[in-house]
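Asks: Take a look and give me a structure for this.
(2 chains)
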Amino acid sequence: MSEQTQNTSRRPVLKFSANGVQNLAMFGILVLIWIIGSILFPAIFNTWENIRNILVSSTSVIITASAITLVLITGNLDLSVAGVGAMSGVLFGLFTIAGLPVWLAAIAAMLCGAVSGFLNGFIISRFKQPSFIISLVFKYFTAGIALIASNGQSIASGMPGNVKNIALTISGLPLPIVYAVVISLIFLFIQNNTVFASQAYAIGANIKTARFSGINTVKVITSVFTLSGILAAFTGIIIVSRFSVADCSMLPGLETDCIIAAVLGGTDINGGRGTVLGMIIGALILFTITQIMNFLNVAIYDQNIVKGVVLILAILVNDTIRKKIKV
Amino acid sequence: MDNGKVLEIRNISKHFAGVLALNDVSFDIVKGSCHCLIGENGAGKSTLIKILTGALKRSSGEVIYEGKPWDPQSTREAMRSGIGCLFQELNVVEQLRVEEYVCLGLEETTFGIIRKRSNTKVFDILAKIDKSIDPKQMIEELSVAKRQVVEIAKALAMDSDVIIMDEPTSPLSAEESRHLFDVIRDLKAQGITIIYITHRLEEVLELADYVTVLRDGKHIATKPKSEIEDRQELIRMMIGKNIFENYMPNTINENHKLIEIKGMRNRKLKNISFDLYEGEILGFYGLIGAGKTEIARAIYGLDPFEGELILNGKKITNASPQKSLKGGVALIPEERRTQGICTSLSIVTNMPMMNYKSVSKNGIVSNIRQRQLAKRYIEEIDVACRNENQTVAYLSGGNQQKVIIGKCLNVCPKVMLLDEPTRGIDVGAKQEIYNIVRKLAKTGCSTIIFSSELAEISCLCDRIGLLYEGELKGFVSNQEMLDSQRIMHIVTGGTL
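Replies: Numbering: from 1, shown residues only, chains lettered A, B, ... in the order given. Below you'll find the predicted structure:
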């Protein structure tokens, strides 16, 4: 404990915040991985097609994890997003088959996601239950609804053609990338500039203090989970639109990918720390590695092992960085 | 071994990221003595203790322990070699039996299976210091005082000959402290050296054989107790300036009641009724468990209660912290680190927590206003910090408390509830906090102080409510001379 301040001759403290240093370090790693990819596959790695593929494949995670980052900041986990996404995707497909206009079907499906997220967050915060268990329950709950609604089968036929409109590519730019950019910008703003996010940080740092400070913890936690539900639903809808197929297992491992991306980006799994910008960098690292592995013909199962190793390394690196910079 | 010195501390220095926490400290500790270590927060006491117990590495200097150079690599190694420590926050594992806990890490085992015999030693040790603790009891059933005794027993079970105690009496009642002192005297008689850290100077005068004063990381003096004149001398050495502790009456507007409480009852409280006037500093005094915290929590809306709470003429139903803050009631909670602040966040992010409206518009936070707010309070209440972005965890206890006060001031409170506002805080910071409270009273903000330190209550409060087991036994006015004997009589269950 060293807290005396009479030492005025100290050199000026560096301008970067702890988060800034972390983001910079992670960005460096992203560049490094990108260079490795470029060396391994000089002909294809830096083409627009490849970049676009990496970006499109990372949109699911970037969109969902924008909200998941806030959930993690409050010190909670949301493991339900894959289920919520699948449920909303299946319902979206069924709504369009039932004759609803595509935009209305999308809104209705997102409302279902919102309701699921709301209940999830409300139970966690109001009854002070561990988010790990409750959101896991909601994963099975929503996956169950997806399974029942789809009768356990893929919904491919019967959807109107204009379902594809949501994920069109307009003059070479796929709409999912646009969504991801817009949503992450909105969440960047929320995270940096709102009372809501400040309260989320306070809750994650110390929920008792937050309560003593008059912060409505139930409202804030329920809200972050509701946002997470809405964005998970939107992710599901985009996937259905991209592939014109809806089934109950269409977003495998979305929750873990989101958490990996956020943690890679410096979010503390125990809450109180994290940035949306870091999460975006984390997601890009994750999917650049995935793309390199695809090019190297690494089987999808083996990729999981690599992801696991990456997550462990990320946690250790983040911890080291955090201990080094005591602000 | 020369002249019975058990520890010789030679030119110890410790740097922390450019700050000198300990600056060339040297003194000796005599075997079998009780050596008190005093100094303000941030004076370097904790750092020194951490170096002695191997929790920190020193930057330079050396320690001689029983004639040999001493450089423990971990607290575990220190304990095994005979230096045990009772840390400020006890790390007792609650779900164990006393005997299991004391032997933890010391079990005599055969292939990993604990041999029954190892426990007999513990029975002996415990019986020696406190017969009322049954080794078969679960730790969680024990009071804090008894847990400390268990910790001491653990140190003894490890054959410690030096036991370091870091503010052991701060969670204890007066009677429990007395018992601990008896234990300490007993240990001394057995030739065990005690290094005792405290903020309570009365304890120093009562217990110490030697006193070492640290200030700003420097060694000020080490004196045998016989050479110390009085309390004032200790205070002078600690802070280098004179302080006064006299009660000054506040101007009270008796026509304006800010809080009226009628028949407040809940699980811990029995029919509490009182009024708080504008500009008044009201005190509640009682021993641990008398219901002080419970009254504060009930008023602030953290605990439900039956009865009436009238705030500024308006009856409050379903009180909650949100409502209280809106009504201008702010609480400085009992537990600084776990209830008062978010230690992992910066001063800037902690400051507006009770009133985000002060730094935001339509839910959008202005980072500039947030920074200005933090800077303003850092200056106004003199928070010693590197800058406003510093993480609160790295501030001293007194400065953390000031951040909490800043948080509350940001609400523009009409009523401040202070629950043990200076527990574990050094004398200088204490005085500053008292001055802030006095200044607030002048602006018309009333304060209720809940404290188990009579000195604190008597130097600040206009009226003192005496609590015993959830009951309000009566008020004494501070205008006349306080009879501390009578007050003690009442709060220990005597009749008025």
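
Asks: Settle this for me: B:V491 is touching B:Y285, isn't it.
Replies: Yes: if you go by C-beta atoms under 8 Å, B:V491 and B:Y285 touch, sitting 6.3 Å apart. The C-beta positions use only the backbone N, C-alpha and C, and glycine is treated the same way.

Asks: And the two? Which one has more around it.
Replies: Using other C-beta atoms under 10 Å in any protein chain shown, the more surrounded residue of B:V491 and B:Y285 is B:Y285, with 25 against 20.

Asks: how near is the more buried one to A:F225?
Replies: As judged by C-beta to C-beta, to the nearest Å, B:Y285 and A:F225 stand 45 Å apart.

Asks: Give me the neighbour count for residue 304.
Replies: Just going to use chain A. By other C-beta under 10 Å, 13 other residues sit near A:N304.

Asks: wait, I meant chain B there
Replies: By other C-beta under 10 Å, neighbour count at B:P304 equals 11.

Asks: Same question for B:E280.
Replies: Neighbours around B:E280, by other C-beta under 10 Å: 26.

Asks: ok, now B:G424?
Replies: With other C-beta under 10 Å as criterion, B:G424 counts 15.

Asks: do the same with the one 10 residues further on
Replies: If you count neighbours by other C-beta under 10 Å, B:Y434 ends up with 19.

Asks: With the one 4 residues further on instead?
Replies: When neighbours are defined as other C-beta under 10 Å, B:R438 has 15 of them.

Asks: That one touches B:P249, doesn't it?
Replies: No: using C-beta under 8 Å, B:R438 makes no contact with B:P249, being 10.6 Å away.

Asks: For the closest residue to B:C34 other than its chain neighbours, give me phi and psi.
Replies: For B:C34, ignoring the flanking residues on the chain, the nearest one in space by C-beta to C-beta, 6 or more residues apart in numbering or on different chains is B:I194 at 4.5 Å. For B:I194, the backbone dihedrals (degrees, to the nearest 10) come out as phi -110, psi 130.

Asks: if we can go back for a sec, find residues that contact each of B:V491 and B:Y285.
Replies: Counting by C-beta atoms under 8 Å, 6 or more residues apart in numbering or on different chains, the contacts common to B:V491 and B:Y285 are B:466-467.

Asks: which helices and strands does the least confident helix or strand in chain A by mean pLDDT pack with?
Replies: Lowest by mean pLDDT, DSSP states H and E among the helices and strands of chain A is helix A:300-324, with a mean of 81. Packing partners of helix A:300-324 (3 or more C-beta pairs under 8 Å, 6 or more residues apart in numbering or on different chains; DSSP states H and E): helix A:18-40, helix A:254-264, helix A:276-295.

Asks: mind checking which of those helices is nearest B:G340?
Replies: Smallest distance to B:G340 across the helices and strands packed on helix A:300-324 (C-beta to C-beta): 22.4 Å, for helix A:18-40.

Asks: what is the orientation angle of that closest one with helix A:276-295?
Replies: Interaxial angle of helix A:18-40 relative to helix A:276-295 (axes from the mean of the first three to the mean of the last three C-alpha atoms, to 10 degrees): 20 degrees.

Asks: Let me see the domain layout of chain B.
Replies: Using automatic domain parsing, the domain ranges for chain B come out as B:5-239, B:253-491.

Asks: What residues are bridge-paired with B:M416?
Replies: With DSSP bridges as the criterion, B:M416 is bridged to B:A330, B:T447.

Asks: Pull the number of nearby residues for it.
Replies: For B:M416, using other C-beta under 10 Å, the count is 25.

Asks: What confidence value was assigned to it?
Replies: With respect to pLDDT, B:M416 scores 95.

Asks: and the closest residue to A:L119 other than its chain neighbours, what is it in contact with?
Replies: Nearest residue to A:L119, sequence neighbours excluded (C-beta to C-beta, 6+ apart): A:F138, at 7.4 Å. Shown in contact with A:F138 (C-beta under 8 Å, 6+ apart): A:79-80, A:83-84, A:116, A:119-120.

Asks: in the stretch 351-496 of chain B, which segments are predicted with low confidence?
Replies: B:481-482, B:484-485, B:494-496 (pLDDT under 70).

Asks: cutoff 90 now
Replies: B:382, B:384-391, B:393-398, B:422-432, B:444, B:451-459, B:468-470, B:477-496 (pLDDT under 90).

Asks: residues from it in reach of chain A?
Replies: By the rule C-beta under 8 Å from any C-beta of the partner chain, the part of the stretch 351-496 of chain B lying against chain A is B:352-354, B:356, B:360, B:363-365, B:367, B:384-387, B:389-391, B:394-396, B:399, B:407.

Asks: Of those, just the buried ones, PyMOL syntax please.
Replies: Only the buried entries of those go into this PyMOL selection, using 16 or more other C-beta atoms under 10 Å in any protein chain shown:
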select buried, chain B and resi 352+353+354+356+360+365+384+385+386+387+389+390+391+394+395+396+399+407
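
Asks: any idea how far the closest residue to B:G398 other than its chain neighbours lies from chain A?
Replies: Sequence neighbours aside, B:A429 is the residue nearest to B:G398 in space, at 2.8 Å (criterion: C-beta to C-beta, 6+ apart). Distance, B:A429 to chain A, by C-beta to the nearest C-beta, to the nearest Å: 11 Å.

Asks: On the secondary structure side, give me the element for B:A429.
Replies: Following DSSP states H and E, one finds B:A429 within helix B:427-442.

Asks: Enumerate the positions of that helix that are buried.
Replies: B:427-434, B:436-437, B:440-441.

Asks: Which parts of the stretch 151-300 of chain B are helices?
Replies: Secondary structure of the stretch 151-300 of chain B (DSSP state H, counting those that start in this stretch): helices located at B:174-189, B:201-207, B:231-239, B:292-300.

Asks: For the first one, give the mean pLDDT please.
Replies: The predicted model assigns helix B:174-189 a mean pLDDT of 85.

Asks: helices or strands next to that helix in the packing?
Replies: Helix B:174-189 sits against helix B:119-129, helix B:144-157, strand B:193-197, helix B:201-207, with contacts defined as 3+ C-beta pairs under 8 Å, 6+ apart.

Asks: which of those sits most buried?
Replies: Across the helices and strands packed on helix B:174-189, the average number of neighbours (mean count of other C-beta atoms under 10 Å in any protein chain shown) peaks for strand B:193-197, which reaches a mean of 25.

Asks: I appreciate the help and will end here.
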